[in-house]
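K.L.:
output the structure for:
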Amino acid sequence: MNLRDRYDAATAGVEAPFAVVDLAAFRANAAGLARRAAGKPIRVASKSVRCRALLADVLALDGFAGIMAFTLPEALWLAREGVSDDVLVAYPTADRTAVAELAGDPAAARAVTLMTDSPEHLALIEDAAGDRRIRVCIDIDASYRPLGGRVRIGALRSPLRTPAEVAAFAERVLKRPSLDLVGLMAYEAQIAGVGDVPPGRPARGRAIRAVQRRSRVELARRRAAIVRAVRGLTDLEFVNGGGTGSVETTAAERAVTEVAAGSGLYQPHLFDQYSNFSGRPAALFALPVVRRPGPGVATCLGGGYLASGPGDAVRLPQPYLPAGLAYDRDEGAGEVQTPLLGHAADLLSVGDRVWFRHTKAGELCERFDALHLIDGDQITRTVPTYRGEGRTFL
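P.N.:
Numbering: from 1, shown residues only. Down below sits the predicted model:
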């Protein structure tokens, strides 16, 4: 039975639109990430999963430990629900109410670590927490800056870049009696989040690979120096780095104690563009065909589930099954209907399904309140997404 037939058979009793996770693909992707990490623990990026049941499932697998959350309210919820007793909030928070709530809950305060990169943020945390102890991690700028810093390649994140800058900031943290400095993090977005084999653009791919090679060398040296400088001031519980696209190279750095990953579990179509690994599409959504405007056209209900990021065509979900469907360039993926073009459209009838892959991983779960978990040719469980549990953190 081919994939499309298997998915159609498993979900025959479910009315589209809906979303599924293929558990065999999910487990294979998790095993692949663990192999690439070569023994270093993988902290699961919750923004790429956004389903409490699947977060618990992956944390039960060998090679995975801890969660990288995207907001403090989310981290509090996950810790209190027992999903993990080790939750790192990957981005600084300005939510004073949530910081006070964290400070007032001793169990959560032991489980949750806040991200910081500025004196203003330290002051905000202390003001909201009072004199109660809070765990913090310093975020480090991991971007690549060739040509004497005149060019920046990578995400605009922390202002802290050099060993001296990070060490000076660490000293400021250590002077604050209510803050416990427990970790460092540096996310190399230009490596972990940029595929090096963009389809149909071989010259761009060669350029990306060349930049990534140079960036890896520069960052490994700088990260090691930063870790040495901070460890000279205090003990650290962890040094976090990387993402799905850089698991093996980040894990190979001696200074790094753990890596982060999440998107590789679902393998959205943006992550097909890497030469160092390949995953199996695990998270999909199905739309029903509701009209046939003419030959070579089938129109689906809904579909305008664009990903975040720059305003380009890569943000569009990818028609996956049946193969051979493409968007109408004037309509794209629509709010309430999506016309699809191609010879495959003539094989579709009203009521049939078209299966799509989202561009990014967890953002799909903001559109659906449940994930139907498929094992073989049947649904074994249906579990709520964050949205299905009434949790919309961003």
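K.L.:
the stretch 1-150 of the chain: helices as residue ranges?
P.N.:
3-10, 23-37, 52-59, 72-80, 96-103, 106-111, 119-129 (DSSP state H, counting those that start in this stretch).
K.L.:
who wins for proximity to residue 393 among these?
P.N.:
Shortest distance between residue 393 and those, using C-beta to C-beta, is found for helix 72-80: 4.5 Å. Every residue, glycine included, has its C-beta placed from N, CA and C.
K.L.:
what distance do you get for the nearest residue to residue 107 once chain neighbours are set aside to residue 391?
P.N.:
With C-beta to C-beta, 6 or more residues apart in numbering as the criterion, residue 107 has its nearest non-adjacent residue at 7.4 Å, and that residue is residue 79. To residue 391, residue 79 is 14 Å away according to C-beta to C-beta, to the nearest Å.
K.L.:
again, but for residue 231
P.N.:
In terms of C-beta to C-beta, residue 231 sits 37 Å off from residue 391.
K.L.:
do residue 260 as well
P.N.:
For residue 260 relative to residue 391 (C-beta to C-beta), the value is 21 Å.
K.L.:
more neighbours: these two, which one.
P.N.:
Comparing residue 260 with residue 391 by other C-beta atoms under 10 Å, the one with more neighbours is residue 260, at 25 against 16.
K.L.:
low-confidence regions, the stretch 251-394 of the chain specifically.
P.N.:
Within the stretch 251-394 of the chain, no range satisfies pLDDT under 70.
K.L.:
all strands for the stretch 151-300 of the chain, in order.
P.N.:
Taking DSSP state E, counting those that start in this stretch to define them, one finds strands in the stretch 151-300 of the chain at 179-186, 238-241, 258-261, 283-294, 297-301.
K.L.:
can you list contacts of the second one?
P.N.:
Applying C-beta atoms under 8 Å, 6 or more residues apart in numbering, the set of residues contacting strand 238-241 from outside is 43, 68, 88, 137, 142, 182-188, 223, 227, 250, 253, 255-260.
K.L.:
just the third one next, same as before
P.N.:
Outside strand 258-261, the residues that touch it by C-beta under 8 Å, 6+ apart are 33, 37, 40-45, 48, 65-66, 68, 90, 187, 238-244, 246-247, 250-251.
K.L.:
burial measure for residue 349, as a count.
P.N.:
Residues contacting residue 349 under the criterion other C-beta under 10 Å number 9.
K.L.:
do you know how far it is from residue 288?
P.N.:
Per C-beta to C-beta, residue 349 is found 11 Å from residue 288.
K.L.:
common neighbours of these two, please.
P.N.:
Common contacts of residue 349 and residue 288 (C-beta under 8 Å, 6+ apart): none found.
K.L.:
can you pull the buried residues of the longest helix that the chain contains?
P.N.:
Secondary structure assigned by DSSP state H gives helix 202-231 as the longest helix of the chain. Residues 205, 208, 211-212, 215-216, 219-220, 222-227, 229-230 are the ones in helix 202-231 that count as buried (16 or more other C-beta atoms under 10 Å).
K.L.:
for stretch 263-274, same thing?
P.N.:
263-271, 273-274.
K.L.:
how about stretch 61-77?
P.N.:
Using 16+ other C-beta under 10 Å as the test for burial, stretch 61-77 gives 63-64, 66-77.
K.L.:
go on, stretch 11-19?
P.N.:
11, 16-19.
K.L.:
again with stretch 176-188
P.N.:
Of all the residues in stretch 176-188, those buried under the rule 16+ other C-beta under 10 Å are 176, 179-188.
K.L.:
now swap in stretch 360-380 and tell me
P.N.:
Per 16+ other C-beta under 10 Å, stretch 360-380 contains these buried residues: 360-365, 367-368, 370-374, 379.
K.L.:
excluding its backbone neighbours, what's nearest the residue positioned nearest the centre of the chain?
P.N.:
Nearest to the mean C-alpha position of the chain, by C-alpha atoms, centre = their mean, lies residue 48 at 3.4 Å. Spatial nearest neighbour of residue 48, excluding adjacent residues (C-beta to C-beta, 6+ apart): residue 262 at 2.9 Å.
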